[in-house]
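Participant: no sequence on this one, just coordinates:
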Ligand SMILES: CC(C)(COP(=O)(O)OP(=O)(O)OC[C@H]1O[C@@H](n2cnc3c(N)ncnc32)[C@H](O)[C@@H]1OP(=O)(O)O)[C@@H](O)C(=O)NCCC(=O)NCCS
């Protein structure tokens, strides 16, 4: 009974999310991971628009997500020397459920292990927060992202028809159980940071 009450209370009043800036490594290069700030949003949006023709994310979506205290974590990854933003990731946490809302690496920084590093960081963060499963949606034709998620132990789920309405593109739900992580999925380019 007490456990149920505690779960109910934590859902209503989640513990604050605290993330201190950290130096992280991806394929031997060093980066900084820190919480996204409101003044990052213009840079995030220009990266977002350099990747997608149509993005559902705008300034207000980012700002409102970042304000959901105790429920969301939005991080940016910057190059250590120049402080240039190279990528970002966002997650939503609700009880045992964690959900990746956004992940992107700037085109010129792709395929250097940054996407994997940020995903591992969120996976570790979700585990530390007591989440038992992690979900996300991905466009069915996004082969690089699907390959990354498969390599991290995500399983394919149901197809959502016309999920990306502008492009009339289908999405696939993916899910990873956090208490049954295989050694292989943790090994590859993993980081203990986060
Ligand atoms: C998907 C994305 C985040 C991957 O980030 P990244 O930093 O380039 O990926 P990494 O270098 O960490 O690679 C991790 C794995 O992803 C897969 N991958 C990455 N780029 C790939 C490509 N061009 N083709 C096929 N697989 C690819 C591989 O499995 C790779 O593992 P490997 O290095 O052992 O081969 C990045 O391509 C991106 O930002 N794409 C545009 C936005 C997007 O699609 N976001 C996801 C929305 S759900």
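Facilitator: Alright, I've got the coordinates. Since we're looking at a predicted model, the values are computed, not measured.
Participant: burial measure for the residue in the chain that the ligand sits nearest to, as a count.
Facilitator: Evaluated by Cβ to the nearest ligand atom, the chain has residue 115 as its residue closest to the ligand, separated by 2.2 Å. No exception for glycine: its C-beta is placed from N, CA and C like everyone else's. Burial of residue 115 is recorded as 24 neighbouring residues (other Cβ atoms under 10 Å).
Participant: next one: phi and psi at it?
Facilitator: phi -60, psi -50 (degrees, to the nearest 10).
Participant: residue contacts, it?
Facilitator: 87, 103, 105, 145, 148 (Cβ atoms under 8 Å, 6 or more residues apart in numbering).
Participant: kindly recompute the last result at 6 Å.
Facilitator: 105, 148 (Cβ atoms under 6 Å, 6 or more residues apart in numbering).
Participant: what about it, distance to residue 7?
Facilitator: As for residue 115, its distance to residue 7 is 33 Å (criterion: Cβ to Cβ, to the nearest Å).
Participant: swap in residue 16?
Facilitator: The gap separating residue 16 from residue 7 is 18 Å, by Cβ to Cβ.
Participant: residue 50 too?
Facilitator: Applying Cβ to Cβ to residue 50 and residue 7 gives a distance of 42 Å.
Participant: what do you get for residue 159?
Facilitator: 32 Å.
Participant: likewise residue 69?
Facilitator: In terms of Cβ to Cβ, residue 69 sits 19 Å off from residue 7.
Participant: cool, residue 151 as well?
Facilitator: 32 Å.
Participant: next one: residue 131
Facilitator: For residue 131, the distance to residue 7 - Cβ to Cβ - is 13 Å.
Participant: which of those two has more neighbours?
Facilitator: residue 131 (20 against 13).
Participant: can you pull the contacts of that one?
Facilitator: So residue 131 contacts 96, 98, 178 (Cβ under 6 Å, 6+ apart).
Participant: what lies in contact with stretch 141-158?
Facilitator: Residues contacting stretch 141-158 (Cβ under 6 Å, 6+ apart): 115, 119, 138, 172-176, 182, 185.
Participant: what subset of these is buried?
Facilitator: 115, 119, 138, 172-176, 185 (16 or more other Cβ atoms under 10 Å).
Participant: out of those, list just those in strands.
Facilitator: Counting by DSSP state E, the part of the buried ones among the contacts of stretch 141-158 found in strands is 138, 172-176.
Participant: out of those, which are close to the ligand?
Facilitator: Contacts with the ligand within these, counted by Cβ under 6 Å from any ligand atom: residue 138.
Participant: going by distance to residue 28, which of the ones in strands among the buried ones among the contacts of stretch 141-158 wins?
Facilitator: Of all those, residue 176 has the smallest distance to residue 28: 26.1 Å, by Cβ to Cβ.
Participant: give me the pLDDT for that closest one.
Facilitator: pLDDT for residue 176: 98.
Participant: who's it bridged to?
Facilitator: Bridge pairing for residue 176 (DSSP bridges) gives the partners residue 134.
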